[in-house]
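> Following is a predicted model, sequence given first.
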Amino acid sequence: MEQSEKEISYCHCLQNEKGALFLLAVFLLFIVSGAAVFYTNAYFAQIKVYNSLESIYVRATINILNLP
């Protein structure tokens, strides 16, 4: 069986002689890790807001209950 030019070209890219695949892998690593850091920071910011609101509501409830 003979391989077509397209298959030979595809196999040549997979040999990664110039390190292009490594650069792509590093680029994807930065993209994925950046997205993970972004979503983690957004989650912690949301939790901080919820905790702040909870403490405000607790203080308001205590103030209401302490009225003479």
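Yes, it's here. All values derive from a computational prediction rather than experimental measurement.
> quick one, what contacts residue 18?
By C-beta atoms under 8 Å, 6 or more residues apart in numbering, residue 18 lies in contact with nothing. For the C-beta atoms, the positions are set from N, CA and C on the backbone; glycine is no exception.
> In three-state terms, label it for me.
When classified by DSSP: H, G, I helix; E, B strand; the rest coil, residue 18 comes out as coil.
> quick one: the helix or strand in which residue 49 is found to chain centroid distance?
Using DSSP states H and E, the element containing residue 49 is helix 20-65. Offset of helix 20-65 from its chain centre (C-alpha atoms, centre = their mean, to the nearest Å): 11 Å.
> That helix packs against which elements?
Packing partners of helix 20-65 (3 or more C-beta pairs under 8 Å, 6 or more residues apart in numbering; DSSP states H and E): helix 5-15.
> Tell me how many other residues surround residue 65.
Residue 65 sits with 7 neighbouring residues when counted by other C-beta atoms under 10 Å.
> For stretch 37-50, give the mean pLDDT please.
The average of the pLDDT scores along stretch 37-50 is 97.
> Please spell out which residues along that stretch are buried.
Residues of stretch 37-50 classed as buried by neighbour count (16 or more other C-beta atoms under 10 Å): none.
> for stretch 53-68, same thing?
For stretch 53-68, it's none, nothing buried (16+ other C-beta under 10 Å).
> Make residue 1 into 40 and carry on from there
Okay, using 40 as the starting number, the last item reads as stretch 92-107.
> Could you give the average pLDDT over that stretch?
Mean predicted lDDT for stretch 92-107 stands at 88.
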